[in-house]
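[1] please find the sequence and the predicted model below.
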Amino acid sequence: MPLFAGLDWGGAGHAVCVVDETGRTVGRIEAGHDAAGLATLLARLKRLASPADLPIAIERPSGLIVDVLVEAGHPVIPIHPNVLKACRPRYRAAGGKSDPGDAYMLADILRTDGHRFRPLALLSDEIRALRALVRGRDDLVAQRVALANQLRALLEGFWPGAAAIFAAIDSPIALAFIRRYPTPDSAARLGEKRLASFMAQNAYCGRRSAAELLARLRAAPAGLAGEAEADAKGEIVRALAGLLERLGAEIARLSSRIEHAVAELPDGRIVMSFPRAGRICAAGILAELGDVRERFPTEEQLAAEAGVCPVTHASGKSRGVVFRWACNKNLRAAVTCFADNSRHASAWAARIYDSARARGCKHAHAVRILARAWLRILWRAWQDRAKYDPAKHLAAANITT
């Protein structure tokens, strides 16, 4: 008799429920999240059935527990939390929730609807490493944006000129200026010659002269903070500027490693062959796309995963098309970034974008339309393990000729 298992994972322990084909519970396991607990879990599961014959449903598609189960030979089937939430009223009317109850629900969903879900296919170690680097870099970039906004808001409250003198508050020259002149009093004697010397020392590469920058600094409104308050806020400004400088250096280091890693992968060179894909953007696409072709047997599935095709709601005479919220947001960000860049190097891409804008689409919508068009070609090249060839892209070739 076939068996089905559900696992509700947790930070300290995991609840597992095993049911047979009739839905009867044949085993419940509580395992700690440590070496001994995971070993006990695998041993008890093995007593019920061989690993290959015992599929396990789980909400989270990654992590140590998933790696352990796959390594042991269990088919692991990820089930989206929204599916579990939608199925919850089937099992209880009061809306109660518990870890053993969720484990039973996962096992029973796998029993009744397992044919609708695809077992997890592990990516290669190189792709998993690339994904870790790309997602880690994205998190650091988000932190940099948050810190830069915090620094700008702080400066605009007591030293607006320091926030306005350079275009980007988190640029190296702006951070160096803020650390050197964190308060209005520290820049009271700043003149054109001194500012020019500062710009030369910090290798300023902008197009503004010292006179223009000084005029911009003096045109900003004066802060009203007292001397003690300004000094206190100046210390915070120095701290934030130091954090942003170190964060920028770490992002640059990770970017360099990502660029090298994606160029070494065969699939990376495929993605990089597309117009204006670059290396960082190509790495973001490949990190989410992976190297398991069976994950996306059709280009429609890839487009849905990337969130660049809308969702249709139709009932009777009513029909609506809405934005797709449920998707891989990391993949959508990478694909749309590439699509937006590509229109500056491909006449075909520019025509699709301009046509969408002419129909009244906003910029973000037009970029998603272009990304949907590019995914058809990207999916085909990825499946064929072939680089992008403009000569084979007939629609683009006809425009250029």
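    Structure received.
[2] now stretch 116-129: buried residues?
    Neighbour-count burial for stretch 116-129 flags 117, 120, 123, 126, 127, 128 (criterion: 16 or more other C-beta atoms under 10 Å). From N, CA and C alone the C-beta is placed, and that goes for glycine too.
[3] what does stretch 92-107 give?
    For stretch 92-107, by 16+ other C-beta under 10 Å, it's 99, 100, 101, 102, 103, 104, 105, 106, 107.
[4] how long is that stretch end to end?
    Terminal residues of stretch 92-107 lie 15 Å apart, using C-alpha to C-alpha, to the nearest Å.
[5] what's next to it, contact-wise?
    4-8, 10, 15-19, 25, 28, 57-59, 79, 84, 87-88, 91 (C-beta atoms under 8 Å, 6 or more residues apart in numbering).
[6] and the helix or strand harbouring residue 373, how far from the chain's centre?
    According to DSSP states H and E, residue 373 maps onto helix 363-384. The chain centre lies 18 Å from the centre of helix 363-384; the measure is C-alpha atoms, centre = their mean, to the nearest Å.
[7] which pair in the buried residues of stretch 116-129 spans the largest distance?
    Largest separation among the buried residues of stretch 116-129 by C-beta to C-beta: 117 and 126, giving 26.5 Å.
[8] name the element the residue minimising distance to the centre of the chain belongs to?
    Note on the chain: the residue nearest the mean C-alpha position is residue 330, at 2.9 Å, using C-alpha atoms, centre = their mean. In this assignment (DSSP H and E), residue 330 forms part of helix 329-342.
[9] do residue 303 as well
    According to DSSP H and E, residue 303 maps onto helix 299-306.
[10] ok, so what distance separates the closest residue to residue 331 other than its chain neighbours from residue 279?
    Leaving aside its chain neighbours, residue 331 sits nearest to residue 288 (3.8 Å; criterion: C-beta to C-beta, 6 or more residues apart in numbering). According to C-beta to C-beta, to the nearest Å, residue 288 stands 15 Å off from residue 279.
[11] neighbour count: these two, which is higher?
    residue 288 (22 against 18; other C-beta atoms under 10 Å).
[12] show me what contacts that one?
    Going by C-beta under 8 Å, 6+ apart, residue 288 touches 131, 328, 330, 331, 334.
[13] what angle do the host helix or strand of it and helix 363-384 make?
    Element membership for residue 288 (DSSP H and E) is helix 280-289. Angle of helix 280-289 versus helix 363-384, following axes from the mean of the first three to the mean of the last three C-alpha atoms, to 10 degrees, is 70 degrees.
[14] low-confidence ranges, the stretch 101-250 of the chain, go.
    In the prediction, the stretch 101-250 of the chain carries no residues with pLDDT under 70.
[15] now do the strands in it.
    Here the stretch 101-250 of the chain has no strands by DSSP state E, counting those that start in this stretch.
[16] can you show me the helices along it?
    If DSSP state H, counting those that start in this stretch is used as the criterion, the helices of the stretch 101-250 of the chain fall at 125-158, 160-164, 172-180, 192-201, 210-219, 227-264.
[17] can I get those in a markdown table including distance to residue 70?
    Below are the helices of the stretch 101-250 of the chain laid out as a markdown table (distance: least, C-beta to C-beta, whole Å):
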| stretch | distance to residue 70 |
| --- | --- |
| helix 125-158 | 12 |
| helix 160-164 | 50 |
| helix 172-180 | 44 |
| helix 192-201 | 55 |
| helix 210-219 | 57 |
| helix 227-264 | 23 |
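[18] what's the helix or strand in which residue 84 is found packed up against?
    Using DSSP H and E, residue 84 falls within helix 81-87. Judged by 3 or more C-beta pairs under 8 Å, 6 or more residues apart in numbering; DSSP states H and E, helix 81-87 is in contact with helix 99-113.
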